[in-house]
Each structure stands twice: as C-alpha cells, then as structure tokens.
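Chemist: Okay, sequence plus prediction incoming.
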Amino acid sequence: MGEKSIQKKKYILETARKVFVEKGFKKVTMKDIVEACDISRGGLYLYFESTSQIFQEVMRLESEETDDVFSDKITEDATAADILMLFLQEQKKELLRREDTLTQAIYEYYFENPPGRKNNILKKQFDSAVKIIEKLIEIGVDNGEFYCEDCQGTARNIMFVLEGLKISAQTIGITAETVDREIEFILKYLGLEV
C-alpha cells in the first residue's frame, strides 16, 4: 500500500471514529461514512467491506493509542505500585470522560457480535489487561510492595470492577468519588496505604 493509500485509510478511520462516537455502532451505515468522508462508495469499499470491519480497525487503533499514552508515562524508576496507580488513574480519566468516547458504540458492537465469535477484540483486550495486571501484582509481591495470595484472581477482579464501572458510567452515571472509592478498595486489598 502506497503512502497516499495509507493516508486515505487513516483519514477514513479518523472520520469513521467521529461518526461512531456520534451515532453509536448500530445506526452507522457505509453511506454515513461515505458522506462524512466525502468520498465515493467505491472509494470506501477499496479499503473496507463493512461497518464492522471499519469499527474493528477503529477499536484496534484506539487500543494502540491508549497503550502508547500509558507506556509513555511510565518512568524507568517506576515501581509496580507506581505503574498500577498510573493505570488506575488512566482508567479513571476514561471512565469520567463524557465527550468523544466510543464506549456506547463498543457495547452495541459486542451485543450484535457476542463473545465466541472471531475477532473479539474486547475479550482480547480484557484478557491481555488481566495478564499485564497479574504480572504487575506478582512483581509487586516479589518486591514487597503488595500482599496478594491470588495474583491472577485479583487481576481478573480488578478488570471486572473496571468493566462494571464502564457500564455504570454509560447507564446510571458515576462520579469521581465513586471511582476513587473503588480504586481505594483495590489498593487496600493489595495492602497499599491510601
């Protein structure tokens, strides 16, 4: 793929992201994306076959950007506790963000494409986050920063709490105090002073 094609595909994905943020996943059609991008239908189909394919690519890019932002903030001398706190604070920012979020579209997508189907990016992200948090907790335990008898179970529980908060943020609304309270509970469970 040439540089011009790469830039065109990037433009389509950036524009489609805005459409998904505005309309969710279910209501977006290829026509919506064609109109937003101001390209021909054939021009869009050169790059993508469906709104699902476009959305999967948007989610993948979103995940990479989030990982990059998080990784860039980790210093060389950061402890496991520092990294966990940074991760939880980044999650808090995402949970409280009201504008420019794909959360509703993501849930709509997965309600239409339940787990077990191929390319389940959300499950892959969840499982990957559990593994990373588990490893982080293990390092913290080895360094004497944390106390934990079941690192994998605790990591999984942290991710389920965060996922529950995401749903609550979209349905009943949550406050910074609510998120802080849940983060504090996680940290206390690991033996950290808050």
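Modeler: Yes, it's here.
Chemist: Please give me every residue in contact with the residue nearest to the spatial centre of the chain.
Modeler: Centroid-nearest residue in the chain: residue 63, 5.5 Å away (criterion: Cα atoms, centre = their mean). By Cβ atoms under 8 Å, 6 or more residues apart in numbering, the residues touching residue 63 are 121, 125. Quick note: C-beta positions are derived from backbone N, CA and C, even for glycine.
Chemist: Residue 21 sits in which helix or strand?
Modeler: Residue 21 belongs to helix 3-23 when assigned by DSSP states H and E.
Chemist: list the buried ones in whichever helix or strand comes after that helix?
Modeler: Sequence-wise, the next helix or strand downstream of helix 3-23 (DSSP H and E) is helix 30-37. By 16 or more other Cβ atoms under 10 Å, the buried positions in helix 30-37 come out as 30, 32-34, 37.
Chemist: Would you reformat those residues as a markdown table and include pLDDT and distance to residue 50?
Modeler: Converted to a markdown table, those look like this (pLDDT from 0 to 100; distance: Cβ to Cβ, whole Å):
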| residue | pLDDT | distance to residue 50 |
| --- | --- | --- |
| 30 | 96 | 7 |
| 32 | 96 | 13 |
| 33 | 96 | 10 |
| 34 | 96 | 13 |
| 37 | 95 | 15 |
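Chemist: before we move on, the earlier item: need the per-residue pLDDT for the residue nearest to the centre of the chain.
Modeler: Predicted confidence (pLDDT) for residue 63: 79.
Chemist: ok, now the one 3 residues further on?
Modeler: The score at residue 66 is 70. That number is its pLDDT.
Chemist: now do residue 170
Modeler: In this prediction, residue 170 carries a pLDDT score of 84.
Chemist: One more: residue 102?
Modeler: pLDDT for residue 102: 85.
Chemist: Same question for the one 3 residues further on.
Modeler: Model confidence at residue 105, expressed as pLDDT, equals 88.
Chemist: Helix or strand: which one has it?
Modeler: Following DSSP H and E, one finds residue 105 within helix 103-112.
Chemist: Name the residues that touch that helix?
Modeler: 20-21, 23-26, 28, 52, 55, 59, 120, 122, 166-167, 169-170.
Chemist: following it, which helix or strand shows up next?
Modeler: That would be, after helix 103-112 and using DSSP H and E, helix 121-142.
Chemist: coming back round to it: between helix 30-37 and the helix holding residue 21, find me the angle.
Modeler: Helix 3-23 and helix 30-37 are oriented at 110 degrees to each other (axes from the mean of the first three to the mean of the last three Cα atoms, to 10 degrees).
Chemist: Quick check: mean pLDDT of helix 3-23?
Modeler: 93.
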